[in-house]
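Student: what's the 3D shape of this:
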Amino acid sequence: MTAATMQPDKNALEMEVLANNGHSDLDEVLARGWAALPASYRIPEVAPTLEEARAWCRQLAESHYENFHVASWFLPKALRPHFHSIYAYCRVSDDLGDEVGSTAQALALLDLWGRELDACYEGRARHPVFVALSETIRACSIPKEPFADLLTAFRQDQTVKRYASMEEVLGYCRYSANPVGRLVLYACGEVSPETMDANFRLSDATCSALQLANFWQDVRVDWGKDRVYLPQDDMGRFGVSDETIAAGAATAEFRALMRFEVDYARGLFEQGLPLIGKVNRDLALDLDLFSRGGLEILRAIERCDYDVLSARPAISKRTKLGLALRALSGKALPFLRLGTGS
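Tutor: Prediction:
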C-alpha cells in the first residue's frame, strides 16, 4: 500500500489514546460500539449449545441476505449449517467494522472478535457464531487463515480510503473476498493436496470478480462512506477525479472509465469459470448461480450506459429467478453451465 492511498480519518488516533489510557477507556469504547449493534450480537455470559448456536446463525443468514437464502436451497441439507455459520461470521465481522460510530469502536470490536476467533480454535468458543463455527471448523478441517484474513480487510476499511492501482484493489480483494471462496471450498470438501492450488486460483478469480462487480455497482454508495475503490491511476488516465463522483453526474470520461473496469471484471469472471466443471455438482450449481449473478450486475451497469452515479444498477427478482433456473438446469444438463458455451 502506497502512502498516497492512505487517507487520514478523524478517529485514526483514538486507538493510540486508548493504549495510553488503560482498560477502562477501552471498555467504554467497546460498550459504545456494542450499543450501536443489535443486542443479539453481544457475547453472552453463558455459551449457547450447538443447537442454539446453529439456530442463531441460520436465522441471521436467512433474514439478512436474500441471495444466500436462495443459494442455500440448492445445498445438501448436511452442508447448510456450515454455510450458515460461515455466513454469520462474515456478516457479524462486517457489521463490527461498518455499523458502529467511529474508527476506534470498529477497530476495538474487530480486535475483540479476532481474540474470540483465537479462542474458538483453542476450544473456548462463547459467542453463538463461534460455537457453531467450531463444529464447522472441525468437520471441514478449516484453518484459521481465511477467517483471520477477512478481519484484515475489515480493519483496512477503517483506514484506507483510496487505492492507487488495480494491483492494490486486488490486494484488498485477497483479504475481503477470496477467503470466502476458499471457505466454501473447504466446507464442500473440495480442498485436497492435489487440487488445492488450482481450485484456490480459480476461486480467487471468481471472488475478486464478484467484489469488483459490487464495487462498480456501489460507486455512489461507497462515496457516501468516503471510499473510492476505482483505481486512482485508472481515474487519472480517463480524466476522472473525486470531484466527478461527488458531482453525481456520469460524464463521458466517467462512462469510459466504467466501461474499462466492467470489461476487466468480466475477464476475471471468465478466468474463474473453469472451477464450475471441477467441483461436485451441488457446489457447481452455486458457483454457476453466483457467477451468473455477478455477470448480470455487469450487464445492468452496461444497460444504464455506465451511469452508476444517478442510481444504483440492480437486478430484478424476475431476473434473479431466471438466473437460478438457468443454473439449476446446468446441474441436470452440464452443457448448460457457464464456461461450456452457454
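Student: who's in contact with residue 48?
Tutor: By Cβ atoms under 8 Å, 6 or more residues apart in numbering, the contact list for residue 48 reads 56, 128, 131. All C-beta atoms are positioned from the backbone trio N, CA, C, and that covers glycine.
Student: for the last one, what are its contacts?
Tutor: Residue 131 is in contact with 47, 48, 49, 50, 52, 53, 125, counting by Cβ under 8 Å, 6+ apart.
Student: Show me which of those are buried.
Tutor: 47, 48, 53, 125 (16 or more other Cβ atoms under 10 Å).
Student: Now, those that are in helices?
Tutor: Those of these mapping onto helices are residue 53, per DSSP state H.
Student: which two from the buried ones among the contacts of residue 131 end up farthest apart in space?
Tutor: 48 and 125 (9.5 Å; Cβ to Cβ).
Student: continuing past whichever helix or strand residue 172 is part of, what's the next helix or strand?
Tutor: Per DSSP states H and E: residue 172 is located in helix 166-176. With elements assigned by DSSP H and E, the helix or strand that comes after helix 166-176 is helix 178-187.
Student: which helices and strands sit right next to that following helix?
Tutor: helix 80-98, helix 128-140, helix 145-159, helix 196-217, helix 281-303 (3 or more Cβ pairs under 8 Å, 6 or more residues apart in numbering; DSSP states H and E).
Student: Turn those helices into a markdown table, columns for mean pLDDT and distance to residue 106.
Tutor: Output for the helices and strands packed on helix 178-187, formatted as a markdown table (pLDDT from 0 to 100; distance: least, Cβ to Cβ, whole Å):
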| stretch | mean pLDDT | distance to residue 106 |
| --- | --- | --- |
| helix 80-98 | 94 | 5 |
| helix 128-140 | 98 | 17 |
| helix 145-159 | 96 | 5 |
| helix 196-217 | 96 | 20 |
| helix 281-303 | 91 | 27 |
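Student: Residue 252: which of these is closest?
Tutor: Of all the helices and strands packed on helix 178-187, helix 281-303 comes closest under Cβ to Cβ, at 15.6 Å.
Student: so the closest one versus helix 196-217, what angle?
Tutor: Calculated by axes from the mean of the first three to the mean of the last three Cα atoms, to 10 degrees, helix 281-303 forms an angle of 30 degrees with helix 196-217.
Student: And helix 281-303, what does it pack against?
Tutor: Packed on helix 281-303, when contacts are counted by 3+ Cβ pairs under 8 Å, 6+ apart, are helix 66-73, helix 178-187, helix 196-217, helix 252-272, helix 317-332.
Student: Check these for me: which has the lowest mean pLDDT.
Tutor: The weakest mean pLDDT among the helices and strands packed on helix 281-303 belongs to helix 66-73, with a mean of 50.
Student: so how many other residues sit close to the closest residue to residue 206 other than its chain neighbours?
Tutor: Distance criterion Cβ to Cβ, 6 or more residues apart in numbering; nearest residue to residue 206, sequence neighbours excluded, is residue 272 at 3.3 Å. Around residue 272 there are 24 other residues, counting by other Cβ atoms under 10 Å.
Student: Please tell me how far residue 131 sits from residue 256.
Tutor: 50 Å (Cβ to Cβ, to the nearest Å).
Student: May I have stretch 157-176 as PDB, with CA atoms only?
Tutor: Only the C-alpha atoms of stretch 157-176 are listed here, as PDB (Å, rounded to 0.1, in the frame of the first residue of the first chain):
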ATOM      1  CA  ASP A 157     -11.600  -0.400   5.500                       C
ATOM      2  CA  GLN A 158     -11.200   1.800   8.600                       C
ATOM      3  CA  THR A 159      -8.000   3.400   7.500                       C
ATOM      4  CA  VAL A 160      -7.600   3.000   3.700                       C
ATOM      5  CA  LYS A 161     -10.000   5.000   1.600                       C
ATOM      6  CA  ARG A 162      -8.300   5.100  -1.800                       C
ATOM      7  CA  TYR A 163      -6.300   2.600  -3.900                       C
ATOM      8  CA  ALA A 164      -3.500   3.700  -6.300                       C
ATOM      9  CA  SER A 165      -3.800   0.900  -8.800                       C
ATOM     10  CA  MET A 166      -5.800  -2.200  -9.700                       C
ATOM     11  CA  GLU A 167      -3.000  -4.200  -8.100                       C
ATOM     12  CA  GLU A 168      -3.800  -2.600  -4.800                       C
ATOM     13  CA  VAL A 169      -7.600  -3.200  -5.300                       C
ATOM     14  CA  LEU A 170      -6.900  -6.800  -5.900                       C
ATOM     15  CA  GLY A 171      -4.600  -6.900  -2.900                       C
ATOM     16  CA  TYR A 172      -7.700  -5.800  -0.900                       C
ATOM     17  CA  CYS A 173      -9.800  -8.500  -2.600                       C
ATOM     18  CA  ARG A 174      -7.200 -11.000  -1.500                       C
ATOM     19  CA  TYR A 175      -8.400 -10.300   2.100                       C
ATOM     20  CA  SER A 176     -12.000  -9.200   1.600                       C
END
